[in-house]
Structure formats: structure tokens, C-alpha cells
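Asker: quick one: sequence plus predicted model below, questions after.
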Amino acid sequence: MVRTVVAGIDGSPESRAAAEWAAREAKLRGLPLKLVHVWEPVPEPMAQAPLLGAETQQHWSERIPRETAAGLRMRHPGLEVSVEQLTGGPAEALTKAAEDAELLALGSRGLSGIGGFMVGSVGLSVVAHAERPVVLVRAGEQAADEHEADPVGIPSAATPYRPVVLGLDSAGPDDSVIEFAFDAAARRSAVLRVVNGWNLPPYYVYGLSADLGLY
């Protein structure tokens, strides 16, 4: 079975940025893109409220994924884009959707449920439970942001990619994280920068200057 790059969408600026990033990543990997929209039913009394009536429900359950997919197909010619609509808790549904994905892209913060309040719990829960890589994308992220600045100081998609940074836990390195970082760097012909931090023993700290100097 061919894996897909999956993006969770909910109409928020963060999820739109995640969908755009996922589209670029899917083209980079030569894979299809699947947009997953999760509809979380609201209690019946709330569903009767004017702002949460049939028109609003139709907008959330139909227009958002349809319009997002159409926009991505237009901006990324040749990319295969499909839409899957699920019902239930967003965190559980997205974690399930990630099982067969190459990776899952989510907005760093997004809307949870029809109420529209801003929370980060969905993304945190998916990151904690998903067995596949999860990428969190901030609102406003653009293709040029992944590239080095040109001679006049402006990032451009025509310049090389910025380095890929791998945070390495030397006490318990995770092979899958290392492999993902190497693969991401190789696909972009980018430098891989490995960062490892440690705490000095307390008796070393006292009396040291603020600038330790690394040689």
C-alpha cells in the first residue's frame, strides 16, 4: 500500500499553512496528499443555536475540505489530492489517520470542535500518541521560509534549503528520529545540523564565566 502525506485541516490559518507545507512535502516525496477534516458533533442544545445551525455545519463539514483541496490542486499542479471526512474526537481521529501515513502535518494551534476556541490540546495529544512522524506548522509559514536568503537578504524558493536540525538525546538516541532527519536533509540537499545539550555538574558551574567558549 502506498503511504500518503496527511494534513489535518479545520479552516484555521495554522491548518491552512500545514496543508500547504504538506502539499510541498508530498511533491518532494512523490506521494499523494490526503486532507483529513474531523467533524466533532456538538450537543443538541448547542446545535440549535443560530450561529451553529445547518448552514454553519455545512460550511465546516463540506466547504472547508472542498475549497482547501481545490486551492492546493491549483497551486500544485500534478499533485494528487484526496479528502477524507471523519466524525469523532479530533485527537483520536487524527491519530488513527496517521497510522497509514508517511507523516502527518498539523497546525501548531488550531480550532477544536465547532465552538471555535483556540487550543493546543489536539496537536499535543496527537504528537504524544501517533506512531508516525508529526510535523507542526505555524500560521503564515511559506515555501520561501525554508530557504536561505538570496544576495539581497530575501528568502527565495530558488536558493538552497536551510539546514535541517536534529535534536539528539545522546543518552537514548532514537533511530527513527535520526533516520527522519537524515532523510529530510537528503531530500532537500540541505546541511544536517545535530544539536546535543547537557547540564554541567553543579560543582563545575560556580566560578565559571558566562562565556564558556567551545573549542
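Answerer: Now that the structure is in, tell me what you want to look at.

Asker: give me every residue that touches V126.
Answerer: V126 is in contact with G8, A91, L94, T95, A98, L104, L106, V134, counting by Cβ atoms under 8 Å, 6 or more residues apart in numbering. (Each C-beta comes from the backbone N, C-alpha and C, glycine too.)

Asker: again, only this time at 6 Å
Answerer: Contact analysis of V126 by Cβ atoms under 6 Å, 6 or more residues apart in numbering lists A91, L94, T95, V134.

Asker: need these in a markdown table (columns: secondary structure, neighbour count and pLDDT).
Answerer: Shown next, in a markdown table, are the contacts of V126 (DSSP: H, G, I helix; E, B strand; the rest coil; neighbours: other Cβ atoms under 10 Å; pLDDT from 0 to 100):
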| residue | secondary structure | neighbour count | pLDDT |
| --- | --- | --- | --- |
| A91 | helix | 22 | 90 |
| L94 | helix | 26 | 93 |
| T95 | helix | 21 | 93 |
| V134 | strand | 21 | 93 |
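
Asker: out of those residues, which is nearest to V152?
Answerer: Within the contacts of V126, proximity to V152 (Cβ to Cβ) peaks at V134, which comes in at 35.5 Å.

Asker: show me the shaky parts of the protein.
Answerer: 1, 41-60, 110-120, 203-215 (pLDDT under 70).

Asker: which stretches of it form strands?
Answerer: Under the criterion DSSP state E, the chain carries strands at the ranges 4-9, 33-39, 81-87, 101-107, 110-111, 118-119, 134-137, 164-167, 192-195.

Asker: who are the packing partners of the fourth one?
Answerer: Put plainly, it is strand 101-107. On a contact count with 3 or more Cβ pairs under 6 Å, 6 or more residues apart in numbering; DSSP states H and E, strand 101-107 meets strand 4-9, helix 13-29, strand 134-137.

Asker: could you say which of the strands of the chain is packed most deeply?
Answerer: Comparing those by mean neighbour count (mean count of other Cβ atoms under 10 Å), strand 4-9 comes out on top with a mean of 27.

Asker: tell me the strands beside that one, with direction?
Answerer: Looking at strand 4-9 with DSSP bridges, its partner strands are strand 33-39 (parallel), strand 101-107 (parallel).

Asker: coming back round to it: reformat the strands of the chain as CSV; add distance to R73.
Answerer: Listed next are those as CSV, based on distance: least, Cβ to Cβ, whole Å:
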stretch, distance to R73
strand 4-9, 14
strand 33-39, 10
strand 81-87, 5
strand 101-107, 17
strand 110-111, 22
strand 118-119, 29
strand 134-137, 19
strand 164-167, 28
strand 192-195, 32
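
Asker: A17 is nearest to which of the strands paired with strand 4-9?
Answerer: Taking these one by one with Cβ to Cβ, strand 101-107 is closest: 6.5 Å.

Asker: for the closest one, C-alpha coordinates in PDB please.
Answerer: Extracted in PDB, the C-alpha atoms of strand 101-107 (Å, rounded to 0.1, in the frame of the first residue of the first chain):
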ATOM      1  CA  ALA A 101       0.600   7.900   6.600                       C
ATOM      2  CA  GLU A 102       4.200   8.700   5.700                       C
ATOM      3  CA  LEU A 103       3.800  11.700   8.000                       C
ATOM      4  CA  LEU A 104       1.000  13.900   9.400                       C
ATOM      5  CA  ALA A 105       1.100  17.700   9.200                       C
ATOM      6  CA  LEU A 106      -1.000  19.800  11.700                       C
ATOM      7  CA  GLY A 107      -1.300  23.400  12.500                       C
END
